[in-house]
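Student: Sequence plus predicted model, see below.
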Amino acid sequence: MKILGIDIGGSGIKGAPVETETGQMLAPRLRLPTPPSARPEPMIDIVTTIAQNFQWTGPIGCGFPGVVRNGVTLSAANVSKKWVGYHTAEIIAEKTGCPTCVVNDADAAGLAEVTFGSGKDRRGVVLVVTIGTGLGTSLFIDGRLLPNAELGHIEIGGEDAESRASDAARKREKLSWKKWGGRFNRYLNTLCKLHSPDLIILGGGISSKYDKFGRYLDVPTELVLATLLNEAGIVGAALACGACLANNDAAQPALNRLQEKKR
Ligand code: BGC
(Lines give C-alpha, C1' and ligand atoms only; values in the text may rest on other atoms or scores of the structure.)
Protein backbone atom coordinates (compact mmCIF):
# COMPACT_ATOMS: atom_id res chain seq x y z
CA MET A 1 0.00 0.00 0.00
CA LYS A 2 1.21 3.52 -0.76
CA ILE A 3 1.28 5.81 2.27
CA LEU A 4 2.85 9.23 2.73
CA GLY A 5 5.34 8.95 5.61
CA ILE A 6 6.19 12.15 7.46
CA ASP A 7 8.77 12.58 10.20
CA ILE A 8 7.96 15.64 12.29
CA GLY A 9 11.07 16.82 14.12
CA GLY A 10 12.31 19.74 16.17
CA SER A 11 14.67 20.94 13.43
CA GLY A 12 13.11 19.59 10.23
CA ILE A 13 9.98 17.99 8.84
CA LYS A 14 10.60 15.31 6.21
CA GLY A 15 8.29 13.27 4.07
CA ALA A 16 8.07 10.91 1.12
CA PRO A 17 5.57 8.43 -0.27
CA VAL A 18 6.41 4.88 0.84
CA GLU A 19 5.42 1.47 -0.50
CA THR A 20 4.70 -0.31 2.78
CA GLU A 21 5.06 -3.80 1.27
CA THR A 22 8.73 -3.21 0.55
CA GLY A 23 9.66 -0.22 2.73
CA GLN A 24 10.88 1.62 -0.37
CA MET A 25 10.47 5.38 -0.66
CA LEU A 26 8.75 6.09 -3.98
CA ALA A 27 10.29 9.56 -4.47
CA PRO A 28 13.18 11.52 -2.96
CA ARG A 29 12.18 12.86 0.43
CA LEU A 30 11.26 16.50 0.89
CA ARG A 31 12.73 18.18 3.98
CA LEU A 32 11.61 21.60 5.18
CA PRO A 33 12.97 23.36 8.27
CA THR A 34 10.83 23.47 11.41
CA PRO A 35 9.79 27.06 12.19
CA PRO A 36 11.67 28.43 15.25
CA SER A 37 8.52 28.62 17.41
CA ALA A 38 8.00 24.83 16.85
CA ARG A 39 4.29 25.40 17.50
CA PRO A 40 1.57 23.14 16.13
CA GLU A 41 -0.07 25.46 13.57
CA PRO A 42 3.00 26.46 11.50
CA MET A 43 4.39 22.93 11.73
CA ILE A 44 1.13 21.43 10.52
CA ASP A 45 1.18 23.95 7.65
CA ILE A 46 4.50 22.39 6.65
CA VAL A 47 3.03 18.88 6.85
CA THR A 48 0.26 20.15 4.53
CA THR A 49 2.83 21.64 2.14
CA ILE A 50 4.64 18.30 2.00
CA ALA A 51 1.37 16.49 1.24
CA GLN A 52 0.55 19.04 -1.48
CA ASN A 53 4.03 18.75 -2.94
CA PHE A 54 3.40 15.04 -3.56
CA GLN A 55 -0.22 15.82 -4.64
CA TRP A 56 -1.20 13.38 -1.92
CA THR A 57 -4.78 12.21 -1.40
CA GLY A 58 -4.16 8.86 0.32
CA PRO A 59 -3.39 7.97 3.94
CA ILE A 60 -0.68 9.83 5.87
CA GLY A 61 1.42 8.40 8.70
CA CYS A 62 3.28 10.91 10.89
CA GLY A 63 5.98 10.39 13.49
CA PHE A 64 6.02 12.99 16.27
CA PRO A 65 8.77 13.60 18.88
CA GLY A 66 6.62 12.98 21.96
CA VAL A 67 4.04 10.68 23.50
CA VAL A 68 1.08 10.08 21.18
CA ARG A 69 -2.11 8.36 22.23
CA ASN A 70 -5.24 8.06 20.05
CA GLY A 71 -3.79 10.65 17.66
CA VAL A 72 -3.40 13.20 20.47
CA THR A 73 0.11 14.44 21.27
CA LEU A 74 0.72 14.32 25.01
CA SER A 75 4.30 15.47 25.59
CA ALA A 76 6.73 17.81 23.84
CA ALA A 77 10.31 17.74 25.09
CA ASN A 78 11.95 19.48 22.12
CA VAL A 79 9.05 21.32 20.47
CA SER A 80 6.56 23.90 21.77
CA LYS A 81 4.53 22.89 24.84
CA LYS A 82 1.46 23.94 22.81
CA TRP A 83 1.57 20.43 21.36
CA VAL A 84 0.57 18.90 24.68
CA GLY A 85 -3.08 17.83 24.44
CA TYR A 86 -3.25 18.84 20.75
CA HIS A 87 -5.51 16.71 18.54
CA THR A 88 -2.74 16.39 16.00
CA ALA A 89 -4.08 13.56 13.85
CA GLU A 90 -7.54 15.15 13.62
CA ILE A 91 -6.11 18.50 12.61
CA ILE A 92 -3.70 17.12 10.01
CA ALA A 93 -6.58 15.06 8.58
CA GLU A 94 -8.76 18.17 8.44
CA LYS A 95 -6.08 20.34 6.80
CA THR A 96 -4.94 17.78 4.24
CA GLY A 97 -8.23 15.95 3.68
CA CYS A 98 -6.27 12.72 4.08
CA PRO A 99 -6.84 9.94 6.65
CA THR A 100 -4.05 10.48 9.18
CA CYS A 101 -2.35 8.42 11.83
CA VAL A 102 0.19 9.89 14.27
CA VAL A 103 2.64 7.86 16.35
CA ASN A 104 5.79 8.53 18.37
CA ASP A 105 8.81 9.13 16.10
CA ALA A 106 11.07 6.56 17.78
CA ASP A 107 8.27 3.99 17.62
CA ALA A 108 8.04 4.72 13.89
CA ALA A 109 11.80 4.41 13.37
CA GLY A 110 11.87 1.20 15.40
CA LEU A 111 9.01 -0.26 13.40
CA ALA A 112 10.96 0.34 10.20
CA GLU A 113 14.05 -1.34 11.67
CA VAL A 114 12.23 -4.45 12.94
CA THR A 115 10.31 -4.78 9.66
CA PHE A 116 13.02 -4.09 7.08
CA GLY A 117 16.26 -3.26 8.90
CA SER A 118 18.62 -4.57 11.58
CA GLY A 119 15.81 -6.04 13.72
CA LYS A 120 14.12 -8.00 10.92
CA ASP A 121 12.99 -11.46 12.04
CA ARG A 122 14.48 -10.96 15.50
CA ARG A 123 12.55 -12.44 18.38
CA GLY A 124 12.82 -11.56 22.06
CA VAL A 125 13.21 -8.05 23.42
CA VAL A 126 14.57 -5.56 20.89
CA LEU A 127 15.39 -2.05 22.04
CA VAL A 128 15.85 0.70 19.46
CA VAL A 129 17.56 3.92 20.56
CA THR A 130 17.60 6.95 18.26
CA ILE A 131 20.16 9.57 19.16
CA GLY A 132 19.56 13.14 18.05
CA THR A 133 18.22 16.29 19.66
CA GLY A 134 16.26 13.93 21.88
CA LEU A 135 16.89 10.35 22.94
CA GLY A 136 14.17 8.27 21.32
CA THR A 137 13.48 4.68 22.32
CA SER A 138 11.18 1.92 21.14
CA LEU A 139 10.72 -1.51 22.64
CA PHE A 140 9.61 -4.66 20.83
CA ILE A 141 8.81 -8.14 22.05
CA ASP A 142 8.81 -10.75 19.27
CA GLY A 143 8.32 -7.90 16.77
CA ARG A 144 5.36 -6.34 18.60
CA LEU A 145 5.70 -2.76 19.75
CA LEU A 146 5.12 -1.49 23.27
CA PRO A 147 4.26 2.13 22.35
CA ASN A 148 5.59 5.31 23.94
CA ALA A 149 8.39 3.69 25.95
CA GLU A 150 9.98 7.15 26.50
CA LEU A 151 13.13 5.68 28.02
CA GLY A 152 15.05 8.80 27.00
CA HIS A 153 13.63 10.47 30.07
CA ILE A 154 14.61 7.98 32.76
CA GLU A 155 16.59 9.55 35.57
CA ILE A 156 20.21 8.63 35.97
CA GLY A 157 22.11 10.15 38.87
CA GLY A 158 19.08 12.38 39.51
CA GLU A 159 19.13 13.84 35.99
CA ASP A 160 17.04 13.34 32.89
CA ALA A 161 19.06 10.94 30.71
CA GLU A 162 18.34 12.91 27.52
CA SER A 163 19.73 16.11 28.99
CA ARG A 164 23.12 14.37 29.49
CA ALA A 165 23.43 11.74 26.79
CA SER A 166 21.67 13.06 23.66
CA ASP A 167 23.61 14.37 20.68
CA ALA A 168 22.29 17.83 21.56
CA ALA A 169 23.93 17.49 25.02
CA ARG A 170 27.22 16.47 23.36
CA LYS A 171 27.15 19.56 21.15
CA ARG A 172 25.85 21.92 23.84
CA GLU A 173 28.54 20.93 26.32
CA LYS A 174 31.20 20.49 23.60
CA LEU A 175 31.95 17.01 24.95
CA SER A 176 34.77 14.89 23.56
CA TRP A 177 33.65 11.59 21.99
CA LYS A 178 35.23 9.81 24.96
CA LYS A 179 33.31 11.83 27.51
CA TRP A 180 30.02 11.63 25.65
CA GLY A 181 30.61 7.94 24.83
CA GLY A 182 31.08 7.28 28.56
CA ARG A 183 27.77 8.96 29.37
CA PHE A 184 25.96 7.16 26.60
CA ASN A 185 27.47 3.86 27.71
CA ARG A 186 26.12 4.43 31.22
CA TYR A 187 22.73 5.19 29.71
CA LEU A 188 22.69 1.98 27.64
CA ASN A 189 23.81 -0.09 30.63
CA THR A 190 20.98 1.35 32.71
CA LEU A 191 18.51 0.34 29.98
CA CYS A 192 20.06 -3.15 29.95
CA LYS A 193 19.48 -3.45 33.70
CA LEU A 194 15.86 -2.39 33.28
CA HIS A 195 14.87 -4.46 30.25
CA SER A 196 17.60 -7.05 29.51
CA PRO A 197 17.20 -6.61 25.73
CA ASP A 198 18.33 -9.39 23.40
CA LEU A 199 19.34 -6.78 20.85
CA ILE A 200 19.97 -3.04 20.86
CA ILE A 201 19.73 -1.10 17.59
CA LEU A 202 21.31 2.36 17.49
CA GLY A 203 19.83 4.88 15.08
CA GLY A 204 19.53 8.61 14.55
CA GLY A 205 21.94 10.98 12.85
CA ILE A 206 24.88 10.30 15.13
CA SER A 207 24.93 6.58 14.39
CA SER A 208 26.85 7.36 11.19
CA LYS A 209 29.70 8.51 13.50
CA TYR A 210 29.84 5.18 15.33
CA ASP A 211 33.56 4.84 14.54
CA LYS A 212 34.15 7.82 16.84
CA PHE A 213 32.28 6.54 19.92
CA GLY A 214 31.67 2.80 19.43
CA ARG A 215 34.87 1.89 21.31
CA TYR A 216 33.50 3.48 24.49
CA LEU A 217 30.41 1.28 24.54
CA ASP A 218 30.43 -1.96 26.48
CA VAL A 219 27.01 -3.54 26.98
CA PRO A 220 26.04 -7.08 27.99
CA THR A 221 24.06 -7.73 24.81
CA GLU A 222 24.28 -7.56 21.05
CA LEU A 223 24.53 -4.02 19.73
CA VAL A 224 24.05 -3.15 16.05
CA LEU A 225 23.55 -0.03 13.97
CA ALA A 226 20.26 0.82 12.31
CA THR A 227 20.24 0.14 8.58
CA LEU A 228 17.60 2.60 7.40
CA LEU A 229 19.27 5.64 9.01
CA ASN A 230 17.71 8.84 7.63
CA GLU A 231 14.77 7.03 6.12
CA ALA A 232 13.62 5.05 9.17
CA GLY A 233 11.34 7.77 10.57
CA ILE A 234 9.52 8.27 7.25
CA VAL A 235 9.24 4.59 6.36
CA GLY A 236 8.19 3.65 9.90
CA ALA A 237 5.49 6.34 10.06
CA ALA A 238 4.01 4.94 6.86
CA LEU A 239 4.22 1.38 8.24
CA ALA A 240 2.49 2.40 11.48
CA CYS A 241 -0.31 3.98 9.46
CA GLY A 242 -0.60 0.86 7.29
CA ALA A 243 -0.85 -1.34 10.41
CA CYS A 244 -3.58 0.89 11.88
CA LEU A 245 -5.55 0.71 8.65
CA ALA A 246 -5.19 -3.06 8.46
CA ASN A 247 -6.40 -3.45 12.05
CA ASN A 248 -9.10 -0.80 11.72
CA ASP A 249 -7.44 0.59 14.85
CA ALA A 250 -10.02 2.40 16.97
CA ALA A 251 -7.17 4.29 18.63
CA GLN A 252 -6.65 6.33 15.44
CA PRO A 253 -10.00 8.07 14.92
CA ALA A 254 -8.72 10.54 12.31
CA LEU A 255 -7.70 7.63 10.16
CA ASN A 256 -10.85 5.63 10.32
CA ARG A 257 -13.46 8.33 10.05
CA LEU A 258 -12.05 9.66 6.79
CA GLN A 259 -11.59 6.14 5.50
CA GLU A 260 -15.28 5.52 6.23
CA LYS A 261 -16.23 8.67 4.32
CA LYS A 262 -14.19 7.57 1.32
CA ARG A 263 -15.88 4.14 1.19
C1 BGC B 1 10.81 12.57 23.28
C2 BGC B 1 10.47 11.27 22.60
C3 BGC B 1 11.09 11.24 21.21
C4 BGC B 1 12.58 11.53 21.28
C5 BGC B 1 13.21 11.59 19.90
C6 BGC B 1 12.31 12.77 23.28
O7 BGC B 1 12.62 13.99 23.89
O8 BGC B 1 10.33 12.58 24.61
O9 BGC B 1 9.08 11.12 22.51
O10 BGC B 1 10.86 9.98 20.65
O11 BGC B 1 12.80 12.75 21.94
O12 BGC B 1 12.64 12.59 19.14
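Tutor: Looks like it came in fine. This structure is a prediction, so every number in the text was calculated from the model and none was measured. Numbers count the residues shown, from 1 in each chain.

Student: who in this protein is up against the ligand?
Tutor: 65-66, 75, 77-78, 104-106, 130, 134, 136, 150, 152-153, 162 (CB under 6 Å from any ligand atom). From N, CA and C alone the C-beta is placed, and that goes for glycine too.

Student: need the strands for the stretch 1-150 of the chain, in chain order.
Tutor: For the stretch 1-150 of the chain, the strands defined by DSSP state E, counting those that start in this stretch cover 2-8, 12-19, 24-25, 30-33, 60-64, 68-69, 72-73, 100-104, 125-131, 135-141, 144-146.

Student: next one: the last one to chain centre, how far?
Tutor: It stands for strand 144-146. 14 Å (CA atoms, centre = their mean, to the nearest Å).

Student: pLDDT of the very next helix or strand once past that strand, averaged?
Tutor: Downstream of strand 144-146, the first helix or strand assigned by DSSP states H and E is strand 155-156. Averaged across strand 155-156, pLDDT comes to 97.

Student: Give the pairing partners of the next helix or strand after strand 155-156; include direction for each.
Tutor: Sequence order places strand 159-160 as the next helix or strand after strand 155-156, per DSSP H and E. Looking at strand 159-160 with DSSP bridges, its partner strands are strand 155-156 (antiparallel).

Student: Report the residue ranges of every domain in this protein.
Tutor: Taking automatic domain parsing as the domain assignment, the ranges for the chain are 2-107+231-262, 120-226.

Student: Columns distance to residue 113 and mean neighbour count on top of the ones you listed, output as JSON lines?
Tutor: Compiled in JSON lines, these are given as follows (distance: least, CB to CB, whole Å; neighbours: other CB atoms under 10 Å):
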{"stretch": "domain 2-107+231-262", "distance to residue 113": "6", "mean neighbour count": "21"}
{"stretch": "domain 120-226", "distance to residue 113": "5", "mean neighbour count": "18"}
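
Student: Just give me the lowest mean pLDDT stretch among these.
Tutor: Mean pLDDT per stretch puts domain 2-107+231-262 lowest among the domains of the chain, at a mean of 93.

Student: which residue does the stretch 51-200 of the chain bring closest to the ligand?
Tutor: Nearest residue of the stretch 51-200 of the chain to the ligand (CB to the nearest ligand atom) works out as residue 134 at 2.2 Å.

Student: got the contact list for the nearest residue to that residue once chain neighbours are set aside?
Tutor: Residue nearest to residue 134 in three dimensions, not counting chain neighbours: residue 78, with 5.1 Å by CB to CB, 6 or more residues apart in numbering. For residue 78, the contacting residues are 10, 38, 65, 133-134, 168, by CB atoms under 8 Å, 6 or more residues apart in numbering.

Student: Of these, which is the nearest to residue 230?
Tutor: For the contacts of residue 78, the residue nearest residue 230 by CB to CB is residue 133; the value is 14.7 Å.
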